[in-house]
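1. The following comprises the amino acid sequence and a computationally predicted model.
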Amino acid sequence: MNFGKKERVLNYACQTYQLSRPNKVGAVMALIRECQPASFEEWQSWYFDNAYTIGKYPVKITVDVLKELGERLYAKITGVVIPEWEAAFRDLTEQDCMDYIYNLTINRTYDGYLREKSVVNDSLAKLFPDITFEESDPALDHAGDIDYIVSVKDKAFGIQIKPVTANANFGSYSLTERMKASFESFKAQYGGNVFIVFSLDGEIANEEVIEQIRAEINRLSM
């Protein structure tokens, strides 16, 4: 389907309110890989036969479940998103635009640089002293999504560093389909997964990722 200019609004609201998360529609990429469909019709039928929400109390996904999610999406867009954007449009000034571009280019780039250095040099490098964290080459296909590449023998895994402010609840952070594809492409090329490290004042906020990285190093070392 082609939603035209409405695509941006639909995508923004769907991501913001997490209506396409596995706890709402199931682990769709894992499901379609398990299905290995030869046609769209086969995938569609298989999905509704096998898809359940991911969570403590899984719910079987039906056409009505997806319809209800669509109704919730419409309610969020019309009741929250549009009023918020209309207010922002009314108050927006030329000075806001000039300040934003300057801040994005200078201030946030510097903050991001310091954040990356702190997370890697003061945390990860000390936790894993036997491996080297190298900044990704800007010429690489995945450079936009991967900040550091970590070599383990003849393979490698990736690190992406994000500020917690990029998502107030980093435990529910949702990858875009583009990023999922980029991470899968990286794994196919280098053999390792990509881990997102959330930074809070230069410290690792999602500490569970440390053990995940440790397990990945062990896996790639075998």
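-> Ah, there it is. Numbers count the residues shown, from 1 in each chain.
2. going forward, measure contacts between C-alpha atoms and count neighbours the same way
-> Noted.
3. for this protein, what spans make up the strands?
-> 133-135, 148-152, 155-163, 191-200, 203-204 (DSSP state E).
4. Any idea which of those strands gets closest to M29?
-> Counting by C-alpha to C-alpha, M29 lies closest to strand 191-200 out of these; the figure is 15.7 Å.
5. can you give me the helices in this protein?
-> 6-16, 22-25, 28-35, 40-50, 63-76, 82-91, 94-102, 108-119, 125-127, 177-190, 208-221 (DSSP state H).
6. what's the closest of those to V164?
-> Going by C-alpha to C-alpha, the one of the helices of the chain nearest V164 is helix 108-119, 11.0 Å.
7. So for that closest one, what gets flagged as buried?
-> G112, R115, E116, S118, V119 (16 or more other C-alpha atoms under 10 Å).
8. pLDDT of it, averaged?
-> For helix 108-119, mean pLDDT rounds to 87.
9. measure T105 to D99 for me?
-> Remark: distance between T105 and D99 (C-alpha to C-alpha, to the nearest Å) = 10 Å.
10. no, scratch that, I was asking about L124
-> 34 Å.
11. who wins for proximity to E68 among the strands of the chain?
-> strand 191-200 (31.1 Å).
12. rewinding a little: same drill for L124 and D99, tell me which one is more crowded.
-> Counting neighbours by other C-alpha atoms under 10 Å for L124 and for D99 shows that L124 has the greater number, 19 against 12.
13. Just want the most central residue of this structure.
-> L175 (2.3 Å; C-alpha atoms, centre = their mean).
14. Tell me where the model's unsure across this structure.
-> Applying pLDDT under 70 to the chain flags residues 141-144, 165-174, 176.
15. one more time with 80
-> 138-144, 164-178, 201-202 (pLDDT under 80).
16. How about T62: what's its closest non-neighbour residue?
-> With C-alpha to C-alpha, 6 or more residues apart in numbering as the criterion, T62 has its nearest non-adjacent residue at 5.9 Å, and that residue is F48.
17. what's the answer for V28, then?
-> V28's closest residue in space is P22 (C-alpha to C-alpha, 6+ apart), at 7.3 Å.
18. and the one you found, what is it in contact with?
-> Listed by C-alpha atoms under 8 Å, 6 or more residues apart in numbering, the contact set of P22 reads V28, T53, I54.
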